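**Student:** just to be clear, the model below is a prediction. Sequence and coordinates:
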Amino acid sequence: QVQLVESGGGLVQAGGSLRLSCAASGSILSINVMGWYRQAPGKQRELVASISSGGTTNYADSVKGRFTISRDNAKNTEDLQMNSLKPEDTAVYYCNAVLRQYSSSLFRPYWGKGTLVTVSS
């Protein structure tokens, strides 16, 4: 069984910062890509940032220069540092990992339950 658990969400004023963390646990053999997605009310879930096992990063245009994704391969964790937050960043943020379990030969995506980030104006 694999679990992804997010932490670090909350309420912050516009211009402020928050740091989200995600820890993957269970019978994990290898993690390929890790990422953060978000879903605002009435909108589709969208990719915020992703990072490969080699450290290659990818960001949505709306967060470039403000958000930084990082990961610790040894600990199976990832973080999202969010600076200069805007009200439009308000959403539920989900941790995602494409990983392979010991019992499988395939890489599959797994999701956390999400953490709410609210940015007030």
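**Tutor:** Yes, it's here.
**Student:** tell me the secondary structure for the residue most central in space within the chain?
**Tutor:** In the chain, the centroid-proximal residue (C-alpha atoms, centre = their mean) is Trp36; its distance is 2.5 Å. When classified by DSSP: H, G, I helix; E, B strand; the rest coil, Trp36 comes out as strand.
**Student:** mind listing the residues bridging to it?
**Tutor:** Using DSSP bridges, the beta-bridge partners of Trp36 come out as Ala49, Cys95.
**Student:** where does this structure have low pLDDT?
**Tutor:** Within the chain, no stretch has pLDDT under 70.
**Student:** the residue nearest to the centre of the chain reaches Tyr94, doesn't it?
**Tutor:** Yes. Counting by C-beta atoms under 8 Å, Trp36 touches Tyr94, with 7.0 Å between them. In this view, the C-beta of every residue, glycine as well, is placed from N, C-alpha and C.
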